[in-house]
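Visitor: Make a model of this:
(one chain, ligands or ions: 1)
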Amino acid sequence: MASDTETAAMRRALDLATATLGAASPNPVVGCVILSADSEVAGEGAHTYAAVDHAEVAALKAAGDRARGGTAVVTLSPCAGTGRTGPCTEALRAAGITRVVYAVADPTQPPRLDGFDVEGGVLESEATNVNEAWLLAVREHRPFVTWKYAASLDGRTSAADGTSRWITGAAARADVHRLRAEVDAVAVGISTVLADDPHLTVRRDGVLAARQPLRVVVDSNFRVPPTARVLDGSAPTLVATTVEPPPGTKAEYAVLRRAADGHTDVRALLAHLYERGVRHLLVEGGAKLAGSLVDARLVDRVVGYVAAVAIGSGTPLLDNAGAPSIDAAWRLRLDDVTRLGDDVRLTWRA
Ligand SMILES: NC(=O)c1ccc[n+]([C@@H]2O[C@H](COP(=O)([O-])OP(=O)(O)OC[C@H]3O[C@@H](n4cnc5c(N)ncnc54)[C@H](OP(=O)(O)O)[C@@H]3O)[C@@H](O)[C@H]2O)c1
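Guide: Predicted coordinates:
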């Protein structure tokens, strides 16, 4: 059984992992705390893809000689294979670690921890939640899909004239930037680009963040204008299309298959993004693109910002996903309700 000190260290390791959401892909987020032989915190570490070192190695470097005879508390079982880095199990052994406490077993390489005193499954459900996008992605070979919308209290995402700025208040809009920062890619349908000309970048207090998710425009017939803000070069952008681009286009693109309805096939889109290393995709609309994903039951989480405003006409939340009867409606589980100023953020899971 894990001691109280080890469980507290696992909570800290989970915080370290959570803080790197969005920065570890295509790898999982992992946090690690090294406890010395006398159960003091000797070192901490987390993995970011850019920094290369796995969480265990970063924590061992911080701990130095104090790791000898100590315990590694880590949110995911340590790797035993060589990828961009050597096996973490060997690094732990070489540093003199004698006990390993982990939360979740890595499904891509089951734990190989011979010679260590091992305790698995500590705070397992919390650690599963932190890595839910990555765990689903490696299991299903497609990104975890979060569909986000901002709507009036009567379920409209824009007015009859197409205007939608701004339905929600400043707190909800700032929260969307936090959400974007945690994902690997942000997708919209071409009609949203043509109507709103969104930038789809992560900004904090108006300043572009250093790490930006991939912007994806789903545009079967390559109608995106070269002057669109998503093509301004301030972050990477992919046009997912089904046709060859107009001559001279500078945009990065992928030619994918068409679905029976003539639009870009959403399964082909997700498969392509997974191959590119996208493990968590945020779909920001509009109603038709979201509808196709809902209709194919390819949405894993819905984050809805519902504003204290009534419009009464205009674009509905979902299109293309009509259930013929209530029995066929898509039912979800309400996971969280958070007030953001006069708006409410609702989170549902499939
Ligand atoms: N408040 C919000 O949260 C929010 C967010 C986004 C948008 N909006 C509003 O929503 C409106 C646009 O929404 P919309 O529903 O008209 O358009 P949309 O979903 O943004 O784009 C629809 C277009 O995307 C293309 N597409 C490519 N593959 C598709 C697929 N598999 N399924 C569906 N569409 C696919 C289709 O054109 P091709 O076949 O030519 O590619 C389709 O016509 C705007 O007025 C915007 O202001 C509001």
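
Visitor: interface residues of the stretch 151-300 of the chain facing the ligand?
Guide: 157-158, 162, 164, 167, 188-192, 195-196, 218-221, 259, 263-264, 266, 284-289, 292 (C-beta under 6 Å from any ligand atom). The C-beta positions use only the backbone N, C-alpha and C, and glycine is treated the same way.

Visitor: Give me the contacts around the helix ranked longest in the chain.
Guide: Counting by DSSP state H, the longest helix found in the chain is helix 4-18. Applying C-beta atoms under 8 Å, 6 or more residues apart in numbering, the contact partners of helix 4-18 are 2, 29-33, 35, 39, 41, 44-46, 55, 71, 73-75, 101, 103, 119, 122-123, 126-127, 130-131.

Visitor: Buried by neighbour count, from those residues: which ones?
Guide: The neighbour-count criterion (16 or more other C-beta atoms under 10 Å) marks 2, 29-33, 35, 41, 44-46, 55, 71, 73-75, 101, 103, 119, 122-123, 126-127, 130-131 among the contacts of helix 4-18 as buried.

Visitor: Which ones among those residues map onto helices?
Guide: A55, E126, A127, V130.

Visitor: So for the residue nearest to the third one when sequence neighbours are not counted, what's the pLDDT?
Guide: The reference is to A127. Across the structure, with C-beta to C-beta, 6 or more residues apart in numbering as the measure, the residue nearest A127 apart from its sequence neighbours is A103 (3.4 Å). A103 is assigned a predicted lDDT (pLDDT) of 98.

Visitor: I'd guessed A103 sits against L123; true?
Guide: Yes. At 5.1 Å, A103 and L123 qualify as touching, with contact defined as C-beta atoms under 8 Å.

Visitor: rewinding a little: from the residues of the stretch 151-300 of the chain next to the ligand, which would you call buried?
Guide: For these, a burial check counting by 16+ other C-beta under 10 Å picks out 157-158, 164, 167, 188-192, 195-196, 218-220, 259, 263-264, 266, 284-289, 292.

Visitor: ranges for the helices of the stretch 51-200 of the chain?
Guide: Counting by DSSP state H, counting those that start in this stretch, the stretch 51-200 of the chain forms helices over residues 55-63, 88-94, 124-130, 132-140, 170-181, 190-196, given from the N-terminal end onward.

Visitor: quick one, which of these is nearest to R276?
Guide: Go through the helices of the stretch 51-200 of the chain one by one with C-beta to C-beta and the one that ends up closest to R276 is helix 132-140, at 11.9 Å.

Visitor: Give the buried residues for that closest one.
Guide: Of the residues in helix 132-140, those scored as buried under the neighbour-count criterion (16+ other C-beta under 10 Å) are A133, W134, L135, L136, A137, V138.

Visitor: Phi and psi next, for V239.
Guide: Backbone torsions of V239, given as degrees, to the nearest 10, read phi -100, psi 120.

Visitor: The ligand versus that one, what's the distance?
Guide: Distance, V239 to the ligand, by C-beta to the nearest ligand atom, to the nearest Å: 10 Å.

Visitor: do T98 as well
Guide: From T98 over to the ligand the distance is 52 Å, taken as C-beta to the nearest ligand atom.

Visitor: Report the contact partners of that residue.
Guide: By C-beta under 8 Å, 6+ apart, the contact set of T98 is G69, G70, T71, F116, D117.

Visitor: what's the farthest-apart pair in the residues you listed?
Guide: The largest separation in those, counting by C-beta to C-beta, is between G69 and F116 at 12.3 Å.

Visitor: Now do the strands in the stretch 201-350 of the chain.
Guide: Listed in chain order, the strands of the stretch 201-350 of the chain (DSSP state E, counting those that start in this stretch) span residues 203-204, 207-208, 214-218, 237-241, 252-255, 280-283, 301-306, 315-316, 333-340, 343-349.

Visitor: Out of these, indicate the one that is most buried.
Guide: Per-residue neighbour counts averaged over each of the strands of the stretch 201-350 of the chain give the maximum for strand 280-283, namely a mean of 26 (mean count of other C-beta atoms under 10 Å).

Visitor: how about low-confidence regions in the stretch 201-350 of the chain?
Guide: For the stretch 201-350 of the chain, no stretch is flagged by pLDDT under 70.

Visitor: repeat that with 90
Guide: 204-206, 210, 285, 315, 320-324 (pLDDT under 90).

Visitor: Find the closest residue to the ligand in it.
Guide: Of the residues in the stretch 201-350 of the chain, the one nearest the ligand is G286, at a distance of 2.1 Å by C-beta to the nearest ligand atom.

Visitor: what sits against that residue?
Guide: Neighbour list for G286: T157, V188, G189, S191, T192, A195, T315, D319 [criterion: C-beta under 8 Å, 6+ apart].

Visitor: Which one of those is nearest to the ligand?
Guide: Here the nearest of those to the ligand, counting by C-beta to the nearest ligand atom, is G189; it sits at 2.2 Å.

Visitor: May I ask you to confirm that the closest one is in contact with V218?
Guide: Yes. G189 is within contact range of V218, at 5.3 Å (criterion: C-beta under 8 Å).

Visitor: joint contacts of these two?
Guide: Applying C-beta under 8 Å, 6+ apart, one finds that G189 and V218 are jointly contacted by L289.

Visitor: I'd say E119 and S3 touch.
Guide: No. In this structure E119 lies outside contact range of S3 using C-beta under 8 Å: 9.3 Å.
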